[in-house]
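Novice: give me the fold of what follows.
(chains A, B and C)
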Amino acid sequence: MILLFFIMSKESQSFGKAEHLCGITTINTLFEKGRSRNFHFLRIIYLAGDTIPGIPPVRILISVPKRIFKKAVTRNLIKRRIREAYRRNKSTLFNALEKQNQRIDLAILWTGKEVLSYHEITEALKEIIERLSQQKQQ
RNA sequence: CAUGCAGGUUGUUCCAUCGUUUUCUGCCUUUGGCAGAGAAAGGAAAGUCCGGGCAACAGAGGGCACCAUCCUUCCUAACGGGAAGAUAUCUGAAAGGGUAUAGCAGUGUAACAGAAAAUAACCGGCAGGUCUCAGGGCCUGCCAAGGGUGAAAAGGUGAGGCAAGAGCUCACCGGUUCCGGUGGUGACAUCGGGAGCCGUACACCUGAUGGGUUGAAAGAUCAUGUAUACCGGUGUUUGAGGGCGGCCCGCCCGAGCCGGGGGGUAGAUCGUUAGAUCCUGCAAGCAAUUGCAGGGCCAGAUAAAUGAUGGAAAACCGUAAAAAACCUCUCGUAGGUGUCAUACGGUGACAGAACCCGGCUUACAGACCUGCUUUUAUU
RNA sequence: GGCCCCGUAGUUCAGUUGAAUAGAACGUCAGAUUCCGGUUCUGAAAGUCGUGGGUUUGAGUCCCUCCGGGGUCA
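Specialist: Numbers count the residues shown, from 1 in each chain, chains lettered A, B, ... in the order given. Below is the predicted model of the structure:
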């Protein structure tokens, strides 16, 4: 049943509730123990581990700070663009992790000062996913 | 047509691809998944400035504080909100718009300037006395008519009166206040009569009305988990502490309480979307609003969904060249005004539910409707 | 989501029962002292009191609106 779920998730671009990172304890452990890395206008924090049955291989959290964008509308817009870019390009990371039999918790934080278009965010996220999957293979 | 002013309505649509949350039905078969059908942010969801619902806790009672409101009548669950008015004042050419308005019994304050900021004598005017070098000086008293000031100066004008003056007296005018009539539900307006009653502003104050406190992280249920080891202070009828806003009296409970230090949990469900509800019609009312009838069910997320990308349509704005029409003259393949269509480019604002309603305030590209104004200019 | 507090020279603060010149310290600048710098002394500049209205003769102070910053809740 789990295997079937994995096969389906390879093809589909869905992004359901199970792939969101929820709960105060898990988020706290991620921020305490995870390793961070900066990209142009993004900052990621990740924590890898072995596969746990029933939990998908990647769980992510997207955060856009209130200090940079005062208005809720712009924060929502950026979060939606990041989520969309991740949803479209996550399959490579999934495949790489399944080969290694590992899973990862990931937080994507926004550090840029301006609102960027969907295409720019997509390029950046592709680069991040590429690097992460290569690192896992090594 | 243009120009403003007031009030109201609205706040893009469609397609493709890939997705999110949730309700119902069916199937697989149960931590769930799949299929089908349906629903999915605003006029301000914002600020949190008021009011209410709802919930918990508290309520023997009394006094004093404290806070809010303040022209009238009405609307409303309620309001500091709204509607229709009243008076005064500022502003605009006008339609209109802004602001203020409970009471004066008492008390206080009014810098600088000015004689004086309120039981006014500095200059000044007058009377009497006295001295004199005959210009006047000094002393005593009376006087608010004139005086650079100031935000504000002791009602205004005229006459009488007086030593000189003064509401000191009278006439008219303005205001205050009392009595009566008329109109109005009322604020008030208006008419008649009386009282010489006559500075302004603010604050305290006085009066009336309202306010128990805390807010959904309220609160309820279930699950998980644990230890008050030790130290200090204070207390058990000589009464600590508590009775979730302050003080005092009073009443009730009554053996722990406070500080340091230490240990555990930090998950889920309900609350949580059917209501002062929405739409349509009719009726009452100047209006805010209310009543009746019929129909509808309309987001419920929780590290927080309601979308992302691409394309098209209509709308608006700008530019371009050409043409119809009109106007002007130095009548020329001249200049200007300019509607519709075309091409290109641009714009689509303000802004994201977090228990729910009623307002207020603030932000906002535009579009539409109704009523009214007209100084100047055109027809 | 709710509830509170604060915005005054470049910086840290006074001034908050309305009265006109908004003050202090540090810093800055100029001069003196020194061969030069520091220390020290003398002097000066620097504020639309967060924004916009209102009350008042007069507002940093009182009232309202908006803007910015901070705190708190179990």
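
Novice: use CA for all of it now, contacts and neighbours both
Specialist: Will do.

Novice: and the next element down the chain from the least confident helix or strand in chain A by mean pLDDT?
Specialist: Here the helix or strand of chain A ranked lowest by mean pLDDT, DSSP states H and E is helix A:2-11, holding a mean of 35. Reading on from helix A:2-11 to the C-terminus, the next helix or strand found by DSSP states H and E is helix A:24-33.

Novice: alpha carbons of the next helix or strand after that following helix, as PDB, please.
Specialist: Using DSSP H and E, the helix or strand that follows helix A:24-33 in sequence is strand A:35-38. What follows is strand A:35-38, C-alpha atoms only, in PDB (Å, rounded to 0.1, in the frame of the first residue of the first chain):
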ATOM      1  CA  ARG A  35      21.600  22.500   8.600                       C
ATOM      2  CA  SER A  36      21.000  25.800   6.800                       C
ATOM      3  CA  ARG A  37      22.200  27.100   3.400                       C
ATOM      4  CA  ASN A  38      21.600  30.400   1.700                       C
END
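
Novice: tell me the helix or strand right after strand A:35-38.
Specialist: Moving toward the C-terminus from strand A:35-38, the next helix or strand (DSSP H and E) is strand A:42-50.
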